[in-house]
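> Structure of the sequence below:
(chains A and B)
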Amino acid sequence: MLLGGSISTPPASLRLRSNLYPQNAVTQSSQAAFPSAMQRKPPSYSISDEDLKSRGFLLRRTAEGLNLDQLNSVFVAVGFPRRDTAKIQVALEHTDALLWVEYEKTRRPVAFARATGDGVFNAIIWDVVVDPSFQSCGLGKAVMERLIEDLQAKGICNIALYSEPRVLGFYRPLGFVSDPDGIKGMVFIRKQRNKK
Amino acid sequence: MLLIPISSSSSSSSSSSSSVLPQSFFNSTTSYSSNHHSLFLSNLSYPVPHGSRKLKTLRLRANFWESIRSGFVKNNNSTQLVEPPSIVDDEEEPLLPVEFTLVERTLQDGLIEEIIFSSGGEIDVYDLQGLCDKVGWPRRPLVKLAAALKNSYMVATLHSVMKSSSGSSGDNGEKQQEKKLIGMARATSDHAFNATIWDVLVDPEYQGQGLGKALVEKLVRALLQRDIGNISLFADSQVVDFYQNLGFEADPEGIKGMFWYPK
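Numbers count the residues shown, from 1 in each chain, chains lettered A, B, ... in the order given. Modelled structure (predicted):
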């Protein structure tokens, strides 16, 4: 995933979530999907929803209210190519789970991540971005922890992603392992020249 | 874990390449074509290229067919390719039909076997489970298997159809045909940018003939023709070479595949 600039490790203090679930928690409702989904204990995040709220960051789990042009600007700010917003719309409609952070003051998205997959076995996380002006204060971690939790709540056990080399250090503390058992991520390269 | 090791026939000297098709060539909206191949009852979740119903033949690069053919020579059997190999100009690659015959061969006892590729996603989940058993994969709940298939952007299958070469009069044609699932590959996608290939498997009895290569190559081509720009997968270490020969690159530009707390 592309993140502009380096992500420093957030402060070590862990705050456990309070017993109050935020309004758009999906943990409980997802269990109806398959009986095999286990009862999940309340997740504990590095930074709680309340903490984020007090700093002016609102967590959103649907694309409702997400301005795609503004999202595109964040993508561009971290080095993605600017993409057709109509295509982004299509992609979001076929996304298993997504999470974004809205900055209350400006009403703009400042962090985002989404996951695609088959809804039962596998999910891949794409487009993990934090606006460069808001990096290094735990927003990327906040988004990732919750997205993973949401996917797990749906019973999805295989969560993967493709990481640029310079942000491997961001994903490792979150629990990601590269090339486990020698499994390699591979991408189809078009217009390959015939090799002799 | 994700992809089955497939023993493949010796690959041709050149790696198969795929062209970048001009985007203006395709209708990339998500509108549903009403004229798709009538053989399917499946729920197509991707747009069917408009040209597919007109296609009766499929032209492929000669070197690719060479690599397939080399695996088919058997004693006393005649193997007949449905389509003669021909060189295709990269810029004019025809739209893949949803279903077509990959290979047709006459077996010793007079039976004709056709291997049919389909990207229509018509698959019996019990057949799939049987196939997964055959390749030694751990069992997964049928309900989840069915859901995974339904939620996949594209499901490609290989079926073997056996029929007798001499038609007996008065018989119901279907009784002479035995259709067996012998391979599958599926891809999930956001329908716009990315697709990921999962669960590539070929019946062990049919391995070593280049069918796995054909399966993946056709699936990739179908995805490219639907304007999906990024096609990725995760390969067990022993099949990395297999996918490299099909045009996949491991860790491109140092980008690493990572898994969350893998078992």
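> How are the strands of chain A distributed by residue range?
Listed in chain order, the strands of chain A (DSSP state E) span A:57-60, A:97-103, A:108-117, A:122-130, A:158-163, A:176-178, A:184-188.
> give me every residue that touches residue A:104.
Residues near residue A:104 by Cβ atoms under 8 Å, 6 or more residues apart in numbering or on different chains: A:56, A:57, A:58. Every C-beta, even on glycine, is put in place using the N, C-alpha and C of the backbone.
> one step back: most tightly packed of the strands of chain A?
strand A:122-130 (a mean of 26; mean count of other Cβ atoms under 10 Å in any protein chain shown).
> That strand pairs with which strands, and in what direction?
strand A:108-117 (antiparallel), strand A:158-163 (parallel) (DSSP bridges).
> Export the longest one to PDB, keeping only CA atoms.
As requested, C-alpha coordinates have been extracted for strand A:108-117 and formatted as PDB (Å, rounded to 0.1, in the frame of the first residue of the first chain):
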ATOM      1  CA  ARG A 108     -13.000  15.800   4.300                       C
ATOM      2  CA  PRO A 109     -11.600  12.200   4.300                       C
ATOM      3  CA  VAL A 110      -8.200  12.000   5.800                       C
ATOM      4  CA  ALA A 111      -7.700   8.300   6.000                       C
ATOM      5  CA  PHE A 112      -9.100   5.400   4.100                       C
ATOM      6  CA  ALA A 113      -8.800   1.600   3.500                       C
ATOM      7  CA  ARG A 114     -11.000  -1.000   1.800                       C
ATOM      8  CA  ALA A 115     -11.000  -4.700   1.300                       C
ATOM      9  CA  THR A 116     -12.300  -6.900  -1.500                       C
ATOM     10  CA  GLY A 117     -12.800 -10.600  -1.500                       C
END
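> now it and strand A:97-103, what's the angle there?
On the basis of axes from the mean of the first three to the mean of the last three Cα atoms, to 10 degrees, strand A:108-117 is oriented at 170 degrees to strand A:97-103.
> Just want the most central residue of chain A.
Residue closest to the average C-alpha location in chain A (Cα atoms, centre = their mean): residue A:113, at 3.2 Å.
> partners of residue A:109 in the sheet?
Going by DSSP bridges, residue A:109 forms beta bridges with residue A:102.
> if I read this right, it contacts residue A:102, doesn't it?
Yes: using Cβ atoms under 8 Å, residue A:109 is in contact with residue A:102, at 6.1 Å.
> what comes up buried for the one helix or strand residue B:156 maps to?
Residue B:156 belongs to strand B:154-164 when elements are defined using DSSP states H and E. By neighbour count on 16 or more other Cβ atoms under 10 Å in any protein chain shown, the buried set for strand B:154-164 is B:154, B:155, B:156, B:157, B:158, B:159, B:160, B:161, B:163.
> residues in contact with the fifth one?
The reference is to residue B:158. B:102, B:115-117, B:181-184, B:202, B:206, B:211, B:214-215.
> can we see that at 10 Å?
Residues near residue B:158 by Cβ atoms under 10 Å, 6 or more residues apart in numbering or on different chains: B:102-103, B:115-118, B:131, B:180-185, B:201-203, B:206, B:211-212, B:214-215, B:218.
> Now for residue B:205, how many residues are close by?
11 (other Cβ atoms under 10 Å in any protein chain shown).
> Could you give the backbone dihedrals for the closest residue to chain A within the stretch 151-263 of chain B?
Of all residues in the stretch 151-263 of chain B, residue B:257 sits closest to chain A, at 2.3 Å by Cβ to the nearest Cβ. Dihedral pair for residue B:257: phi -80, psi 130, per degrees, to the nearest 10.
> That one: neighbouring residues, count only.
25.
> I'd say it and residue A:168 touch.
No: using Cβ atoms under 10 Å, residue B:257 is not in contact with residue A:168, being 11.1 Å away.
> JSON lines for the strands of chain A, including distance to residue B:232 and mean pLDDT?
Formatted as JSON lines, the strands of chain A follow (distance: least, Cβ to Cβ, whole Å; pLDDT from 0 to 100):
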{"stretch": "strand A:57-60", "distance to residue B:232": "27", "mean pLDDT": "97"}
{"stretch": "strand A:97-103", "distance to residue B:232": "18", "mean pLDDT": "97"}
{"stretch": "strand A:108-117", "distance to residue B:232": "11", "mean pLDDT": "98"}
{"stretch": "strand A:122-130", "distance to residue B:232": "8", "mean pLDDT": "97"}
{"stretch": "strand A:158-163", "distance to residue B:232": "7", "mean pLDDT": "97"}
{"stretch": "strand A:176-178", "distance to residue B:232": "15", "mean pLDDT": "97"}
{"stretch": "strand A:184-188", "distance to residue B:232": "5", "mean pLDDT": "97"}
